[in-house]
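In: sequence and predicted model, in that order:
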Protein chains: 2
Amino acid sequence: MTEQAQHRVVIVGAGFGGRYAARALRKAGARVTVLNGTNHHVFEPLIYQVATGVLSPGEVATPVREFFRGQRNTEVLLGWVTDIDVEGRTVTAAAPDGVPYQVPYDTLILAAGTTGSYFGNDRFAEHAPGLKSIDDAVELRARIMNAFEMAELETDPAAAERWLTFVIVGAGPTGVELAGQIAEIAHRTLPGEYRRIDPAKARIVLVDAVDRVLPTFSPESSAAAAKRLRKIGVEVRLGARVVDVDATGVELVTGTGTDRLTAMTKIWSAGVSAAPLARRLAEATGAGTDRAGRIKVEPDLTLPGHPEIFVVGDVMSLGGLPGVAQVSIQGGTYAGRTIRDRLAGKPAGKPFHYFDKGNIATVSRFSAVADLRGLRLSGLAGWLLWLGVHWAYLPKGRNRASALVRWATAFLGRSRPERAVTSQQIRARTALRQTAAAEAPAAEAVPAGPPA
Amino acid sequence: MTEQAQHRVVIVGAGFGGRYAARALRKAGARVTVLNGTNHHVFEPLIYQVATGVLSPGEVATPVREFFRGQRNTEVLLGWVTDIDVEGRTVTAAAPDGVPYQVPYDTLILAAGTTGSYFGNDRFAEHAPGLKSIDDAVELRARIMNAFEMAELETDPAAAERWLTFVIVGAGPTGVELAGQIAEIAHRTLPGEYRRIDPAKARIVLVDAVDRVLPTFSPESSAAAAKRLRKIGVEVRLGARVVDVDATGVELVTGTGTDRLTAMTKIWSAGVSAAPLARRLAEATGAGTDRAGRIKVEPDLTLPGHPEIFVVGDVMSLGGLPGVAQVSIQGGTYAGRTIRDRLAGKPAGKPFHYFDKGNIATVSRFSAVADLRGLRLSGLAGWLLWLGVHWAYLPKGRNRASALVRWATAFLGRSRPERAVTSQQIRARTALRQTAAAEAPAAEAVPAGPPA
């Protein structure tokens, strides 16, 4: 290898940002190391379909190694990055068993992504999990499916009603898509399978403090989405701020006062904050962070005074760019190419320019809203666009093939291919329900029993 | 409903036995209740493919409710049956949250299946899990995939070798199929994806105390399977009894003395025993049990002196019938029809007769062995038969369609569609590795780090 080939680029995170950055370095005179906390890249735009039983985990989670099998200058290491030594140019990662190891770098690309944010109310997390990882998706799926099972077993009507009420906090794309899918599970998939309850009577409530759904979309698209949501039986509660979440419901503050929604299943899609690592790196380099903890970067996506550190994707703060896949993809590609050109001795290129391809969100089967450059689509037209775009972006042919089978099953048919809930997930619910039993008088009557 | 329609049949377990029993009661003048500890029926013959990343959980785990959606006299309740009151004719089940509930019966069908048996050495379980449930499959898949990740991270060659050694205890169909699939993962799927280790160097050892693999098959098929296993790189150690299992290996007693296999990943497929409920029921009714804890039944699959209690499937002991899917399917159907005829006032029919369709086991892609009535197939012919039979028995068209996509991916292609390991599974490994670190001097040098 040449002298230059010894230059070592370390990429923290294998989401869209890290994946495309590594891809852009495939012909670079550098040794590339990709560090990721799990063995897979998550195709986040479709993870809500894992949470609602349409797709299997493997269909949205591709092994990181598969992407780089043929990219010989790139290695993948499984590790959760816990620290970055900016002076020593070394990252510290924890192996799956918690044992730490170090990886030195010449150039670093931080693409660590975000975690759900409860705006300081972390106690909400237990009762209203978010949706970022495959773990989250499998856990949510278990909560949704178990809720109907528990309702079928309840002798107390009030308790059954609690189990049949689903509250989604946050009306962004994920919240809208989850609400729409839960409505379809309740109204299309499950009816006929229960003898004591009517799943179609399930109440799905989408709550947000703002005055419209999909606030990052055009007002027209927001209105179209809200109309469609109501049509498929989703209650849309806007201008309602969630001030508390407990085992049996959520507390709201509305323009007219306070209100409580009683529901066993709560889902949090109200906000995200940058990975904790971001704040650590910002402190170490003196870089600023925004309200979401994202690191403020220079126009070339590096940190002030640290041209050897790039920050891309959801963990990057630049000119108010949104935390969407396209910003990560384009930012990662830009960082990778910039490093490649530097190593090739080329002069610095243009600053990063984000090309906004537009927004798209599914509301239900055959219905989506899309704001493209100068073009707005809703209903079936939007949905067909959604289908094409997501199919095209899905990694690997086999994921596409099996995803098509699943979509036909769920959207043409009415069943959900991935409804199996593991005992591990069932057990995870136990503690929660017991809290609920303690908090809800109606449930106290039931004697405590042996663990399932 | 007629007086007779009030007759209540309770079926414990929704495996093959319970599922086919309920199906046979679809036109019976009875109210049928199916109790199952999870929300899904597991297609056990293919669960090894979930453990090895070929199929998704949903493709082998069909919601029990889906089978009985249109069968109006049948209800499904999620519950883990903890006790049976033979005098009071009532079963007690635990809801997912552990809260118990009672279900009365006029006729009971016990189809509770089996659990892995360590022949009294339950401490083996932590180090060498078995493969009965979706939980087991997902856990095994995580251990197999993580082993290669850990090997890539190891700096100590001896430790890496431990991670690259897989020991499967028990050379029955499940053991043979797992060994074959792990060999294909190591030799076909993973090479090219690692930079520091060569996955193809992985050592896969299949151990059994008996003198041939697939002991329930013909000697010719056993020989063909063993030959194929060795051809694809599986070490077959026969006549070797496992006397101890710990975090870093297994102890063997062979004809010539003792031996130790050092391996981080151990899988137990050496034996099963009837669900604990079986012994309880046997004691309550005075019925006998065999060495595996299975209940000895009358020729009509009822318990002596208890014509209202049927026992079918793996939990039933009758004339040495094996614990295979066909015995469960035929026994369940027989019990269901017997009850239907009784309620219709028909005289008792013939005793249960098992029609042995034969045995089939896959060794690797394009190679299986099959012993049919008067016909023996091996190699590609056997594999095509396996493909046809399993495809035909897979429930629901969509499972068949997506399974075909997965099989094409894994057997024509070389990748595994379902390799994603959740953090939950990764964390599950932590404790184990730390035990290993304590036991294995080589690993002690590594300082303990923050949890992944």
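Out: Received it, and whenever you're ready, just let me know what you need.
In: quick one: stretch A:83-93 to chain centroid distance?
Out: Here stretch A:83-93 is found 27 Å from its chain centre; the criterion is CA atoms, centre = their mean, to the nearest Å.
In: what's the end-to-end length of it?
Out: End-to-end span of stretch A:83-93 (CA to CA, to the nearest Å): 7 Å.
In: please apply the same query to stretch A:263-270.
Out: 17 Å.
In: for stretch A:405-417, same thing?
Out: For stretch A:405-417, the end-to-end distance is 10 Å (CA to CA).
In: straight-line length of stretch A:22-40, end to end?
Out: Note: stretch A:22-40 ends 15 Å apart using CA to CA.
In: ugh, wrong one, I meant stretch A:279-290
Out: 10 Å.
In: just how off-centre is that stretch within its chain?
Out: 24 Å.
In: cool, stretch A:197-214 as well?
Out: For stretch A:197-214 - counting by CA atoms, centre = their mean - the centre lies 19 Å from the chain centre.
In: that stretch and chain B, any residue contact?
Out: No - Stretch A:197-214 stays out of contact with chain B when judged by CB under 8 Å from any CB of the partner chain, the minimum separation being 10.2 Å. Glycine gets a C-beta too; all of them are placed from N, C-alpha and C.
In: list the buried residues of stretch A:371-380.
Out: Buried positions in stretch A:371-380, judged by neighbour count with 16 or more other CB atoms under 10 Å in any protein chain shown: A:371, A:376, A:377, A:378.
In: and the host helix or strand of residue A:9, average pLDDT?
Out: In this assignment (DSSP states H and E), residue A:9 forms part of strand A:8-12. Across strand A:8-12, pLDDT averages out at 98.
In: in terms of residue numbering, what are the domains of chain A?
Out: A:4-37+A:79-116+A:272-343, A:122-270+A:359-444 (automatic domain parsing).
In: adding distance to residue B:248, write these out as TSV.
Out: Output for those, formatted as TSV (distance: least, CB to CB, whole Å):
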stretch	distance to residue B:248
domain A:4-37+A:79-116+A:272-343	13
domain A:122-270+A:359-444	25
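In: can you tell me which of those domains has the worst average pLDDT?
Out: Lowest mean pLDDT of the domains of chain A: domain A:122-270+A:359-444, a mean of 89.
In: what pairs with the strand holding residue A:9, parallel or antiparallel?
Out: As defined by DSSP bridges, the strand partners of strand A:8-12 come to strand A:31-36 (parallel), strand A:107-110 (parallel).
In: dump the first one to PDB, restricted to CA.
Out: What follows is strand A:31-36 as a C-alpha-only set of coordinates in PDB (Å, rounded to 0.1, in the frame of the first residue of the first chain):
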ATOM      1  CA  ARG A  31      -8.200   2.800   5.400                       C
ATOM      2  CA  VAL A  32     -11.800   3.200   6.500                       C
ATOM      3  CA  THR A  33     -13.200   1.800   9.800                       C
ATOM      4  CA  VAL A  34     -17.000   1.800  10.400                       C
ATOM      5  CA  LEU A  35     -18.100   1.500  14.000                       C
ATOM      6  CA  ASN A  36     -21.700   0.700  14.800                       C
END
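In: list the buried residues in that strand.
Out: Quick answer for strand A:31-36 (16+ other CB under 10 Å): A:31, A:32, A:33, A:34, A:35, A:36.
In: which residues sit against the following helix or strand past that strand?
Out: Sequence-wise, the next helix or strand downstream of strand A:31-36 (DSSP H and E) is strand A:40-42. Strand A:40-42 is contacted from outside by A:14-15, A:19, A:60-64, A:67, A:133-134, A:395, B:419-421, using CB atoms under 8 Å, 6 or more residues apart in numbering or on different chains.
In: among those, name the ones in strands.
Out: The strands, defined by DSSP state E, take in A:61, A:62, A:63 from those.
In: who's the first one bridged to?
Out: The bridge-partner assignment for residue A:61, based on DSSP bridges, gives residue A:42.
In: relative to residue A:43, how far out is it?
Out: 7 Å (CB to CB, to the nearest Å).
In: for the two, indicate the residue with more neighbours.
Out: residue A:61 (27 against 23; other CB atoms under 10 Å in any protein chain shown).
In: skip the chain neighbours and tell me the closest residue to residue A:334.
Out: Distances taken as CB to CB, 6 or more residues apart in numbering or on different chains put residue A:352 closest to residue A:334, at 4.8 Å, once the chain neighbours are dropped.
In: using the three-state scheme, assign residue A:87.
Out: On the three-state scheme (DSSP: H, G, I helix; E, B strand; the rest coil), residue A:87 is labelled coil.
In: hmm, back to that, give me the phi and psi for the residue nearest to residue A:334.
Out: For residue A:352, the backbone dihedrals (degrees, to the nearest 10) come out as phi -60, psi 130.
In: tabulate the strands paired with strand A:8-12 (CSV), appending distance to residue B:406.
Out: Supplementary listing: these in CSV, determined by distance: least, CB to CB, whole Å:
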stretch, distance to residue B:406
strand A:31-36, 24
strand A:107-110, 34
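In: residue B:285 is nearest to which of the ones you listed?
Out: strand A:31-36 (55.5 Å; CB to CB).
In: wait, residue A:322 sits on residue A:216?
Out: Yes - in terms of CB atoms under 8 Å, residue A:322 counts as a neighbour of residue A:216; the distance is 6.0 Å.
In: contacting residues for the residue nearest to residue A:334?
Out: By CB under 8 Å, 6+ apart, the contact list for residue A:352 reads A:299, A:300, A:301, A:318, A:330, A:331, A:334.
In: in which helix or strand does the second one reside?
Out: Okay, so that is residue A:300. Here residue A:300 is assigned to no helix or strand, by DSSP H and E.
In: and the gap between the closest residue to it other than its chain neighbours and residue A:302?
Out: Closest residue to residue A:300 apart from its sequence neighbours, by CB to CB, 6+ apart: residue A:351 at 5.6 Å. Note on residue A:351: its distance to residue A:302, by CB to CB, is 11 Å.
In: more crowded one of these two?
Out: residue A:302 (21 against 12).
In: bridged to the more buried one, which residues?
Out: Beta-bridge partners, per DSSP bridges, of residue A:302: residue A:310.
In: for it, give its distance to residue A:84.
Out: Taken as CB to CB, the span from residue A:302 to residue A:84 is 14 Å.
In: next up, the contacts around the most centrally placed residue in chain A.
Out: The residue lying closest to the centre of chain A (CA atoms, centre = their mean) is residue A:132, at 3.3 Å. With contact taken as CB under 8 Å, 6+ apart, residue A:132 is in contact with A:44, A:47, A:113, A:114, A:115, A:116, A:272.
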